[in-house]
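Q: Take a look and give me a structure for this.
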Amino acid sequence: MDDDIRADLEEIRASIDNIDAALVHLLAERFKCTKRVGKLKAEHHLPPADPAREARQIARLRAKAEEADLDPAFAEKFLTFIIDEVIHHHEAIARD
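A: Numbering: from 1, shown residues only. From the prediction side, this is the model:
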């Protein structure tokens, strides 16, 4: 492999690594917030899931994805995965 190509790959991959680290930190912050929501819901006997809010969030993120030139279907899958995990955490908090 050409040295210039190798250098370009290393530079791009370093950017990807930084973005991945930022995503992990952002997800950690998001889950700190959703944990607070879960505790409030449990204290007030509210259901772990909020389908109306989830639908609004998915629609909002699909629009944001389109604006960012990201596949909206991928963005929806990603957010749905996160929402499912949040609901799981909220159910666990309610059981405790």
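
Q: what mean pLDDT does the top helix by length along the chain have?
A: The residue-count maximum for a helix in the chain (DSSP state H) belongs to helix 3-43. The predicted model assigns helix 3-43 a mean pLDDT of 97.

Q: ok, now stretch 62-79?
A: 98.

Q: Could you shift the numbering so residue one becomes 47, and keep it that way?
A: Fine by me, first position is 47 from now on; the one you just mentioned is stretch 108-125.

Q: quick revisit: check which helices and strands the longest helix of the chain is in contact with.
A: helix 118-141 (3 or more C-beta pairs under 8 Å, 6 or more residues apart in numbering; DSSP states H and E). All C-beta spots, glycine's among them, are computed from the backbone N, C-alpha and C.

Q: Flag every buried residue along the helix it packs on.
A: 118, 121, 122, 125, 128, 129, 132, 133, 135, 136, 139, 140 (16 or more other C-beta atoms under 10 Å).

Q: Quick check: closest non-adjacent residue to the fourth one.
A: Counting by C-beta to C-beta, 6 or more residues apart in numbering, residue 107 is the residue found nearest to residue 125 once chain neighbours are left out, at 5.0 Å.

Q: which ones are touching the one you found?
A: Taking C-beta atoms under 8 Å, 6 or more residues apart in numbering as the contact definition, residue 107 lies against 121, 122, 125.
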